[in-house]
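In: predicted coordinates and the sequence they were generated for:
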Number of protein chains: 2
Amino acid sequence: MVSKNQKKLIKSLKQKKYRKQHNLFVAEGKKVIKEFIDAGLTVHSLFAQETSFFEVESSLFFSVTAEELKQITFLTTPQNALGIFHIPTALDTTDNGLILALDDVRDPGNLGTIIRLCDWFGVTDLVCSDQTVDCYNPKVIQATMGSITRVNVTYVNLQEFLEAKSSAGIVSYGTFMDGVSIYETTLPSQGIIVMGNEANGISAEIEALVTKRLAIPQFGQGQKTESLNVATATAIILSEFLRR
Amino acid sequence: MVSKNQKKLIKSLKQKKYRKQHNLFVAEGKKVIKEFIDAGLTVHSLFAQETSFFEVESSLFFSVTAEELKQITFLTTPQNALGIFHIPTALDTTDNGLILALDDVRDPGNLGTIIRLCDWFGVTDLVCSDQTVDCYNPKVIQATMGSITRVNVTYVNLQEFLEAKSSAGIVSYGTFMDGVSIYETTLPSQGIIVMGNEANGISAEIEALVTKRLAIPQFGQGQKTESLNVATATAIILSEFLRR
């Protein structure tokens, strides 16, 4: 049974404003929900057709019909379960290892894919500019497939963040058309890799703070390709930084 | 002005069945349309609010209002122009260089991204299993950003294709959990790289035909990551094959 107030709450969590206000987010599907529970996130409430799967306090569990799930889902095809979780506090970023920084990535699918890539490559700190799409956006949560539980995502004023790191002697990397080939330069195991916005790349203010200009070489004849999608470019760059 | 018959034709081209029947496909937006015209594709008809942009016979051009474009578009936000093009005949695949083969990739966004990657890395032959999503699907066309004009996409019985290539001595590569690290093996400039389905990876029948088993190493602690998205995995593998 889903109450009117619960329906209202769930619906509101589609919007960043209400996610911030309630400090809650929605995850759908047994598998994704289980990853959040296993990662130690605090459950606010769970809605599912069966009980046995989840080990949560019975007061937080609400048994629902398929019809009710259809009414509360954010997905086109409803999953078998919907969970509301408390948004965990982001940790401080470490100064060891690689940090990935996003300058205004706007597409939820791209952010989700990038979080999965961070998890795959063991990059535990993902720093996002304030204008980057919210990582608790339902589309991001579904695209990460649980990877978000293993990546520390923080939202910052990226300019101030890079200035502070630069003062601390930490080198930052960005890709530009005129950069040095990633295949022909020594890439370290520490530093900040900056990826830009889907349409505009890295902004001028952030570009001014990037220490080393890199490029992903293009091999096609004519070099007419539009540029790579930000998620595939991130995949190539992380692979190249980590491969040694 | 868009006639009733034209509206009906455009709407039908959303479906593969009618694209095959008419041998036509739809592309939207000036930039994408221009890429197809520049690449020498034959225009069937063009619908736009202004004329000056396209150099096509006046009999093929139909001036439309914003309201009419809204009625015919496949996109949520209509572009400034919609074009119908004749589907070009796929060329034979070459036996030189790298060929990318897809074993039942189903998501149009993934196929579009993979076509862009082929273009970026100069892989001119993309061979798709018959069950792979149609490359003239409107979502694929929009995701390729014109790259499809520079990549020869063919649909084949992938099993027969790989058997024939294998008999001709051409080596094929696929990624599996138990493969040899792509970072620690010599990758040639000729061969076939097979990528699998989003949910199931490479099918058993195709796996049996793969000559060399590769793996993309995972760096995260715990190795819990779900696996990489097929488009990002393709990005990493193509980069690794081409980097030398």
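Out: Received, thanks. Numbers count the residues shown, from 1 in each chain, chains lettered A, B, ... in the order given.

In: note down every partner strand of the helix or strand encompassing A:His44 and its orientation.
Out: Counting by DSSP states H and E, the secondary-structure element that holds A:His44 is strand A:43-48. In the sheet, strand A:43-48 lines up against strand A:61-63 (parallel), strand A:81-86 (antiparallel) (DSSP bridges).

In: worst average pLDDT in these?
Out: For the strands paired with strand A:43-48, the bottom mean pLDDT is recorded on strand A:61-63, which sits at a mean of 91.

In: how about the residues of chain A near chain B?
Out: Contact residues (C-beta under 8 Å from any C-beta of the partner chain) of chain A with chain B: A:109, A:113, A:116-117, A:119-122, A:145-147, A:150, A:183, A:216, A:218-222, A:224-226, A:228-229, A:231-236, A:239-240, A:242-244. The way it works is simple: take the backbone N, C-alpha and C, and place the C-beta from them, glycine included.

In: show the buried residues in those residues.
Out: Listed as buried from the residues of chain A next to chain B are A:109, A:113, A:116-117, A:119-122, A:145-147, A:150, A:216, A:218-220, A:224-225, A:228-229, A:231-236, A:239-240, A:242-243; burial here means 16 or more other C-beta atoms under 10 Å in any protein chain shown.

In: can you tell me which of those residues are in helices?
Out: A:109, A:113, A:116-117, A:119-120, A:231-236, A:239-240, A:242 (DSSP state H).

In: and the strands paired with strand A:43-48: which comes nearest A:Asp103?
Out: With C-beta to C-beta as the measure, strand A:81-86 is the member of the strands paired with strand A:43-48 nearest A:Asp103 (27.8 Å).

In: and the host helix or strand of A:Phe176, which strands flank it?
Out: For A:Phe176, the enclosing helix or strand under DSSP H and E is strand A:172-181. Partner strands and pairing direction for strand A:172-181 (DSSP bridges) are strand A:191-195 (parallel), strand A:212-215 (parallel).

In: tell me the bridge partners for the closest residue to A:Glu207 other than its chain neighbours.
Out: Taking C-beta to C-beta, 6 or more residues apart in numbering or on different chains as the measure, A:Glu207 lies nearest to A:Gly174, with 6.7 Å between them; neighbours along the chain are not counted. A:Gly174 forms beta bridges with A:Val194, A:Arg213, as assigned by DSSP bridges.

In: so is the closest residue to A:Ile141 other than its chain neighbours in a helix, a strand, or just coil?
Out: Excluding its sequence neighbours, the residue lying closest to A:Ile141 (C-beta to C-beta, 6+ apart) is A:Ala27, at 5.2 Å. A:Ala27 falls in the strand class when you classify it by DSSP: H, G, I helix; E, B strand; the rest coil.

In: partners of A:Ala27 in the sheet?
Out: With DSSP bridges applied, the residues forming beta bridges to A:Ala27 are A:Gly83.

In: how is chain A partitioned into domains?
Out: Domain assignment of chain A by automatic domain parsing yields the ranges A:4-86, A:98-242.

In: just name the most buried of those.
Out: Comparing those by mean neighbour count (mean count of other C-beta atoms under 10 Å in any protein chain shown), domain A:98-242 ranks first with a mean of 19.

In: ok now it, how far from the chain's centre?
Out: What separates the centre of domain A:98-242 from the centre of its chain is 11 Å, taken as C-alpha atoms, centre = their mean, to the nearest Å.

In: looking at the strands paired with strand A:43-48, which is nearest to A:Phe36?
Out: strand A:81-86 (5.5 Å).

In: tell me who's in contact with A:Gln49.
Out: A:63-66, A:69, A:80-81 (C-beta atoms under 8 Å, 6 or more residues apart in numbering or on different chains).

In: repeat that for A:Leu91.
Out: Applying C-beta under 8 Å, 6+ apart to A:Leu91 gives the contacts A:152, A:154.

In: repeat that with 6 Å
Out: Residues in contact with A:Leu91, defined by C-beta atoms under 6 Å, 6 or more residues apart in numbering or on different chains, are A:Asn152.

In: again, but for A:Ala27
Out: For A:Ala27, the contact set (C-beta under 6 Å, 6+ apart) comprises A:33, A:36, A:83, A:141.

In: try 7 Å this time
Out: Contact analysis of A:Ala27 by C-beta atoms under 7 Å, 6 or more residues apart in numbering or on different chains lists A:33, A:36, A:83, A:85, A:141.

In: can you lay out the residues you listed as CSV showing distance to A:Glu55?
Out: Conversion of these to CSV gives the following (distance: C-beta to C-beta, whole Å):
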residue, distance to A:Glu55
A:Ile33, 11
A:Phe36, 13
A:Gly83, 13
A:Phe85, 15
A:Ile141, 21
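
In: chain B versus A:Cys135, what's the distance?
Out: Here the distance between A:Cys135 and chain B works out to 17 Å (C-beta to the nearest C-beta, to the nearest Å).

In: and A:Glu50, by the same measure?
Out: In this structure, A:Glu50 and chain B are 23 Å apart, going by C-beta to the nearest C-beta.

In: and if you look at A:Ala204?
Out: Between A:Ala204 and chain B the computed distance is 24 Å (C-beta to the nearest C-beta).

In: just A:Lys7 next, same as before
Out: Distance from A:Lys7 to chain B, counting by C-beta to the nearest C-beta: 26 Å.

In: surely that residue is in contact with A:Ile72?
Out: Yes: contact criterion C-beta atoms under 7 Å: A:Lys7 and A:Ile72 qualify, at 6.1 Å.

In: OK, contacts around the residue nearest to A:Glu207?
Out: By C-beta under 7 Å, 6+ apart, the contact set of A:Gly174 is A:194, A:202, A:207, A:210, A:213-214.
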